[in-house]
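# Below is the structure, and that's it, no one-letter string:
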């Protein structure tokens, strides 16, 4: 069994032709949040994945085995709840606001959530589904890839640039700035 202990986020810097030829591995969200797991690639290779603790693997990432084989990660379709604004006739809802409000309530519950301009996705949960329907949102069970937002403090927050590219200020430091 090959070991893969290197991850290239979104295959950055790799030639597209190399990636096209690479075998792939389809993984659901539960597995992609683990730093150690076994998987079988599309060409039948068994690989043992050993990543630094806390690693999260995203669809589009590339694993590198000890022999240098590249393996493309695909987010496997899985049961998720797709949440959209209700567009019943006679109800005048601001869909964007309704979705933003739902994201706020789900975030308060620390629910992994995928944010899209026109919908949200969460893992199946009938209690949350009922809550969202009570908020006049449309909730449907679908089988789709799930790529929840990375946490605000995670290392893999999806930025394509070096962390130093943004100056992050501590707005809570004493005397850091004045309010007029």
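Alright, I've got the coordinates. These numbers come from a predicted model, not from an experiment.
# what about this protein, any weak spots by pLDDT?
When residues are selected by pLDDT under 70, those of the chain lie in 88-93, 152-180.
# rerun at 50
155-180 (pLDDT under 50).
# From the recorded domain assignment, give the ranges for it.
Annotated domains of the chain cover 2-75, 78-144 [automatic domain parsing].
# Residue 150 is nearest to which of the ones you listed?
Ranking the domains of the chain by their distance to residue 150 (criterion: Cβ to Cβ) puts domain 2-75 first, at 6.7 Å. (C-beta placed from N, C-alpha, C; glycine too.)
# If the residue lying closest to residue 119 once chain neighbours are set aside is in a bridge, with which residues?
Distances taken as Cβ to Cβ, 6 or more residues apart in numbering place residue 84 nearest to residue 119, at 4.7 Å, with adjacent residues excluded. Beta-bridge partners recorded for residue 84 (DSSP bridges): residue 138.
# quick one: which helix or strand includes residue 25?
Take DSSP states H and E as the rule and residue 25 turns out to sit in strand 24-27.
# Just checking: what are the partner strands of that strand?
Using DSSP bridges, strand 24-27 pairs in its sheet with strand 70-75 (parallel).
# what's the longest helix in this structure?
The longest helix of the chain (DSSP state H) is helix 95-108.
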